[in-house]
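[1] one predicted model, sequence on top.
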Amino acid sequence: MQIGIVGLPFSGKTTLFQAITRSLLDSTALARQEAHVGVVKVPDGRLERLVEIFSPRSTVPASIEFVDVVGLKRGESGSTQFTTNFLLNVRTTDALVQVVRLFADDAVPHPDGSIDPLRDIAAFETEFILSDLAVLETRIERIRKQLQKGGDEQGKKELPVLERCHVLLEQETPLREAEFSREEQLLLRTYQFLSLKPMLIAMNLDETQQGSAEDIVRQVAAQKQGNQTRVLSFCGRIDMEMAQLSGGEVQSFMDEYGISELALDALIREAYSLLGLHSFFTVGEDECRAWTIRKGMTAQEAAGVIHSDFSARFIRAEVVGYDDFLAQGGSFAKAKEAGLWRLEGKEYVVKDGDILAIRHS
Ligand SMILES: Nc1nc2c(ncn2[C@@H]2O[C@H](COP(=O)(O)OP(=O)(O)OP(=O)(O)O)[C@@H](O)[C@H]2O)c(=O)[nH]1
Ligand SMILES: [Mg+2]
């Protein structure tokens, strides 16, 4: 599962990447102008509680991969160029975080000369839509030709949904704002359309803008339809400094300012849920672990995430919800007595936070 960080030059992509991966790139890595890739643990207070209960020898949180996508260039006229190479790099990601600049700093010039978040967001949308239209038109034309010649079963299936996409894009509607059936989604997946990717718009603020940013966040959110876009804000420079502190230092900072959750942790969690992902847990004295699955996966599919054998030789899953388990004082015996710790078959759809034990032959 890979999330691409995109945005105009100097919007704060690398700053955000370093903050969420809690890394500090040296100047040679920065100068190389290649994509930086980092794996990020998904913060989850529930796993921490389970670790307190079981004191396991090892703890494994869920994780996702972030890429700082490079390659967007400043054109000769001064405006931004979306190169083919850049668009290709974006194509292979599962979702996008678009960093949009709100901070003002004369030392860091904006490539288009002024701070205008709505214009910057629209620029991306336009490029994504044009790129998708080009892919679509080539494919539609090929299918039509093929159909004139005779059979093209796959093409016949795809044509109506591709034509619908074409109409949407011509109306400048990004595909992520449209509704598609599960079957249509599967057909579309192979095309890796850019405007279909779930998008988290992350506004990069100065610390002084925190109060006034709410307005612009609301404005941007109001422009977007559907549930495949989220908007939030962060303070790039501060978050990056915080990310370099030790855990204890961060905690005392948070206590001092009454912060309950770091902006970065919220961003990672939002990205995780935007991808349609959630977690189940396995627990014990050996290991407590959060596993990542797509929403809607069954107990048998979830078992396969742990080990492919578990899925093939699946018998039943023992299941208790995280909240139920804690309400019973973190005791399996009590949860069982209350009927909350139960056996489920392979068709059971796993819920976020379920604690599972797989029985297999
Ligand atoms: N004042 C201020 N400066 C910031 C903030 N975030 C990033 N910067 C500065 O803006 C400059 C560009 O930040 P980067 O993170 O390198 O931006 P980028 O999007 O990766 O830029 P490119 O890789 O060149 O496209 C750096 O000098 C940062 O220190 C912020 O929140 N406030
Ligand atoms: Mg960068």
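    Looks like it arrived, so ask away. Residues are numbered from 1 along each chain as shown. Ligands and ions are numbered 1, 2, ... in the order given.
[2] starting at the chain centroid, how far to stretch 80-90?
    Put simply, stretch 80-90 sits 20 Å off its chain's centre (Cα atoms, centre = their mean, to the nearest Å).
[3] residues of that stretch that come out buried?
    For stretch 80-90, burial by neighbour count (16 or more other Cβ atoms under 10 Å) applies to 80, 82, 86-87, 89-90. Just so you know, the C-beta spots here come from the backbone N, C-alpha and C atoms, and that holds for glycine as well.
[4] center of the protein, which residue is that?
    Ala271 (3.3 Å; Cα atoms, centre = their mean).
[5] could you measure from that one over to ligand 1?
    17 Å (Cβ to the nearest ligand atom, to the nearest Å).
[6] correct me, but that residue touches Ala95?
    Yes - counting by Cβ atoms under 8 Å, Ala271 does reach Ala95; the two are 6.7 Å apart.
[7] okay, and the common contacts of the two?
    3, 200 (Cβ atoms under 8 Å, 6 or more residues apart in numbering).
[8] what pLDDT does Gly78 get?
    Looking at Gly78, its pLDDT stands at 65.
[9] ditto for Ile306
    On the pLDDT scale, Ile306 gets 93.
[10] likewise for Gly113?
    At Gly113, pLDDT is 86.
[11] now do Gly75
    69.
[12] Asp68 now?
    So Asp68 comes in at 92 (pLDDT).
[13] can you name the farthest residue from the center of this structure?
    Lys149 (42.2 Å).
[14] hang on, the earlier thing: what about the residue nearest to the centre of the chain, distance to Ile201?
    11 Å (Cβ to Cβ, to the nearest Å).
[15] just Gly276 next, same as before
    Gly276 is 18 Å from Ile201, by Cβ to Cβ.
[16] next one: Ser331
    43 Å.
[17] which of these two has more neighbours?
    Using other Cβ atoms under 10 Å, the more surrounded residue of Ser331 and Ile201 is Ile201, with 24 against 14.
[18] give me the residues contacting stretch 84-93.
    Under Cβ under 8 Å, 6+ apart, the answer for stretch 84-93 is 2-4, 6, 35, 67, 69-73, 96, 127, 131, 192, 194, 197.
[19] the residues you listed in strands, which ones?
    Using DSSP state E, 2-4, 6, 67, 73, 96 are the members of these that sit in strands.
[20] of those, which one scores lowest on pLDDT?
    Within the ones in strands among the contacts of stretch 84-93, pLDDT is lowest for Lys73, at 75.
[21] buried residues in stretch 200-218, which are they?
    Buried residues in stretch 200-218 (16+ other Cβ under 10 Å): 200-205, 209, 213, 216-217.
[22] any idea which of the residues you listed is least confident?
    Ala213 (79).
[23] what about that one, distance to Tyr257?
    From Ala213 to Tyr257 the distance is 17 Å (Cβ to Cβ).
[24] ok, now which ones touch Glu256?
    By Cβ under 8 Å, 6+ apart, Glu256 has no neighbours at all.
[25] and it, what pLDDT?
    The model's pLDDT for Glu256 equals 84.
[26] packing partners for the helix or strand Ala134 falls within?
    Assigned by DSSP states H and E, Ala134 falls within helix 117-149. When contacts are defined as 3 or more Cβ pairs under 8 Å, 6 or more residues apart in numbering; DSSP states H and E, helix 117-149 packs onto strand 95-101, helix 153-170, helix 213-223.
[27] remind me what the shortest one packs against, helices and strands.
    Right, strand 95-101. Partner elements for strand 95-101 (3+ Cβ pairs under 8 Å, 6+ apart): strand 2-7, helix 13-20, helix 117-149, strand 199-204, helix 263-274.
[28] how about the longest one?
    Using 3+ Cβ pairs under 8 Å, 6+ apart as the contact criterion, the secondary-structure elements in contact with helix 153-170 are helix 117-149, helix 182-189.
[29] from the buried residues of stretch 80-90, which is closest to ligand 1?
    Nearest to ligand 1 out of the buried residues of stretch 80-90 is Thr80 (Cβ to the nearest ligand atom; 9.6 Å).
[30] which one is Ala357 nearest to, not counting chain neighbours?
    In space, and not counting its chain neighbours, Ala357 is closest to Glu318: 4.2 Å by Cβ to Cβ, 6 or more residues apart in numbering.
[31] so that neighbour belongs to a helix, correct?
    No - per DSSP: H, G, I helix; E, B strand; the rest coil, Glu318 lies outside any helix segment and is strand.
[32] distance of the closest residue to ligand 1 within the stretch 251-361 of the chain from Glu337?
    Nearest residue of the stretch 251-361 of the chain to ligand 1: Ala263, at 11.2 Å (Cβ to the nearest ligand atom). Distance, Ala263 to Glu337, using Cβ to Cβ: 42 Å.
[33] before we move on, back to that, skipping its backbone neighbours, what lies nearest the residue of the stretch 251-361 of the chain closest to ligand 1 in space?
    Phe234 (4.3 Å).
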